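K.L.:
The following block contains a protein sequence and its predicted model.
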Amino acid sequence: MNPRFAALSVLRHGSYARFAVCRFITTLSWQMLGVAVGWRVYALTHDPLSLGLVGLSEFLPFTCLVLLGGHLADRIARQRVLQVTWSIETVCIGALVVWSALGFTAVWPIYLAVGVFGGTRAFWAPAMQAMVPNLVPREEFPRALGLNATLFQAAVITGPAVGGVLYLLGSVVVFGACLALFVVTVSLSFTLRPHSAQAAASSGAPGTRGANVDPGGGSDASAAGQVAAAYESRGHVLLEGLRYVMRQRVVLGVISLDLFAVLFGGATALLPIFAGDVLHIGPAGLGLLRTAPGVGAALTAGLLTLRPIDRRAGPYMFAGVAAFGLCTLVFGSSRSFPLSLAALFVLGCGDMVSVYVRGILVQLNTPDEIRGRVSAINSMFIGASNELGEFESGVTARWFGAVRATLLGGALTLLVVCSWMGLFPQLRRLDHLR
């Protein structure tokens, strides 16, 4: 196959292709919702803390339910989890359409809707992460992961820009467009089927999900299956993912690095403030600010799809997170719209390297029988870094102002990078990802 198109070869697996479309559409909708919700809440309250409460509203139910979500992802068909949760989110977005159309000015319905989104994400996020290795042969997973990241970032690029432009027509237009996209997603979710080898692996007794079959589709008892069986025999099944992560120092290091780096350095929640009060660029400009990291990440993901990281994975990841922190400092210092866009662009490039390394490490080094629960822990760390990070940004912005809060976050991210290089020498010396 022509190397230019080799990365697209995974699309020949029909269920994976439909899964990729679902992932793209849901991400596109979430990015559009992020612009509409952020701008609407700040326009109604003019309070940085209110933006932080949006993240907290999603984080709390997510954190309370994500271990149960990971357990269910290992116990029932993962596509069923996606069908139910996406259907609930479709109803919730419909409620936002009604709220916006009636012209309500109270913000608590938004917090309630975001809370429902957080609860449903606690179930679909582990199922979605754990499902990808079941849709393609194991040897094609890195390519599928790269294509996933490219499509994800393409949605991150287009979603905020589309949301910002549509918001000029009113928030009800944005919410209505998201509702239509989710209806399409739910319809496609009923067509998802695991790859034949993985389907055979899942056909064992309930609760084992192919404990005697290797995750790559082999028929002999594997070391992965034996590890999972040992975990199951100890009970406390909801905590097996956490127990597994705590024993794998490299996995623990990579996901905790992302947790604390984005927790301190993420300035996404404060972008409405920068757009409205610092750069004075309005909702359309806000959409572009939210798009810029996605552009950098998408280009990096495309490059990684064509040229995967084969050596020195650990140093590459630390460099990516350090670039994330440095660009956060530049963005917080900037009063120029082009410079702010450039800083966010490079920030997205660095973040994508970290996401890529973490994704391959966590998924390919975890037995399929507990992959849902390990994915739940990974999702918990990601959720803590994103949503709890938004709350942290809102609180520090109220205390110190948005600019100082962003600069402080960038500095703390660099401190985390230096600390983790000392705390996790295995990660610093990591060469191959498998």
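P.N.:
Yep, that arrived. Residues are numbered from 1 along each chain as shown.

K.L.:
Against which helices or strands is the helix or strand hosting Gly332 packed?
P.N.:
Here Gly332 sits within helix 313-333, counting by DSSP states H and E. Under the contact definition 3 or more C-beta pairs under 8 Å, 6 or more residues apart in numbering; DSSP states H and E, helix 313-333 sits against helix 249-265, helix 337-364, helix 402-423, helix 425-428. Quick note: C-beta positions are derived from backbone N, CA and C, even for glycine.

K.L.:
Quick check: buried residues in the top helix by length along the chain?
P.N.:
Identified as the longest helix of the chain according to DSSP state H is helix 14-45. Within helix 14-45, the residues scored as buried using 16 or more other C-beta atoms under 10 Å are 15-16, 18-20, 22-42.

K.L.:
tell me the contacts of Thr158?
P.N.:
28, 31, 291 (C-beta atoms under 8 Å, 6 or more residues apart in numbering).

K.L.:
out of the residues you listed, which one sits closest to Arg78?
P.N.:
Leu28 (21.6 Å; C-beta to C-beta).

K.L.:
Local confidence estimate at that closest one?
P.N.:
We have a pLDDT of 91 for Leu28.

K.L.:
Could you number the chain from 399 rather than 1 from now on?
P.N.:
In the new count, where the first residue is 399, that last one comes out as Leu426.

K.L.:
Show the contacting residues for it.
P.N.:
553, 556-557, 560, 579.

K.L.:
Poorly predicted segments of this structure, please.
P.N.:
399-408, 536, 540, 592-639, 663-664, 761-767, 769-770, 777-787, 830-832 (pLDDT under 70).

K.L.:
Just the CA coordinates for stretch 423-443, please, in CSV.
P.N.:
Extracted C-alpha coordinates of stretch 423-443, given in CSV (Å, rounded to 0.1, in the frame of the first residue of the first chain):
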residue,chain,number,x,y,z
ILE,A,423,-19.3,13.6,15.6
THR,A,424,-19.5,13.5,19.4
THR,A,425,-16.2,15.4,19.7
LEU,A,426,-17.4,18.0,17.2
SER,A,427,-20.6,18.4,19.2
TRP,A,428,-18.8,18.7,22.5
GLN,A,429,-16.5,21.4,21.2
MET,A,430,-19.5,23.4,19.9
LEU,A,431,-21.2,23.0,23.2
GLY,A,432,-18.1,24.1,25.0
VAL,A,433,-18.1,27.4,23.2
ALA,A,434,-21.8,28.0,23.7
VAL,A,435,-21.9,27.0,27.3
GLY,A,436,-18.7,29.0,28.2
TRP,A,437,-19.8,32.2,26.5
ARG,A,438,-23.4,32.0,27.7
VAL,A,439,-22.4,31.4,31.3
TYR,A,440,-19.8,34.2,31.4
ALA,A,441,-22.2,36.5,29.6
LEU,A,442,-24.9,35.9,32.3
THR,A,443,-22.6,36.0,35.3
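
K.L.:
Could you give the separation of it from the chain centroid?
P.N.:
Averaging C-alpha positions (C-alpha atoms, centre = their mean, to the nearest Å) puts stretch 423-443 16 Å from its chain's average.

K.L.:
Kindly report the same for stretch 440-447.
P.N.:
On C-alpha atoms, centre = their mean, the centre of stretch 440-447 falls 25 Å from that of its chain.

K.L.:
Reformat the helices and strands packed on helix 711-731 as JSON lines; add distance to Thr488 and mean neighbour count.
P.N.:
JSON lines is the format used below for those (distance: least, C-beta to C-beta, whole Å; neighbours: other C-beta atoms under 10 Å):
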{"stretch": "helix 647-663", "distance to Thr488": "28", "mean neighbour count": "23"}
{"stretch": "helix 735-762", "distance to Thr488": "27", "mean neighbour count": "22"}
{"stretch": "helix 800-821", "distance to Thr488": "34", "mean neighbour count": "19"}
{"stretch": "helix 823-826", "distance to Thr488": "40", "mean neighbour count": "16"}
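
K.L.:
and the nearest residue to Ala499 once chain neighbours are set aside, which of the three is it?
P.N.:
Of all residues not flanking Ala499 in the chain, Val570 sits nearest, at 4.9 Å (C-beta to C-beta, 6 or more residues apart in numbering). Put simply, Val570 is helix when judged by DSSP: H, G, I helix; E, B strand; the rest coil.

K.L.:
And for Val570, the neighbour number?
P.N.:
Counted with other C-beta atoms under 10 Å, residues neighbouring Val570 total 19.

K.L.:
Likewise for the one 10 residues further on?
P.N.:
Phe580 has 22 neighbours, counted by other C-beta under 10 Å.

K.L.:
and if you look at the one 4 residues further on?
P.N.:
Applying the criterion other C-beta under 10 Å, we find 19 residues in the vicinity of Val584.

K.L.:
Ok, Val728 next?
P.N.:
Around Val728 there are 18 residues (other C-beta under 10 Å).

K.L.:
Tell me who's in contact with it.
P.N.:
Val728 touches 737, 741, counting by C-beta under 8 Å, 6+ apart.

K.L.:
Pull up the gap between it and Gly468, please.
P.N.:
37 Å (C-beta to C-beta, to the nearest Å).

K.L.:
Look at Leu687 and tell me its secondary structure.
P.N.:
helix.
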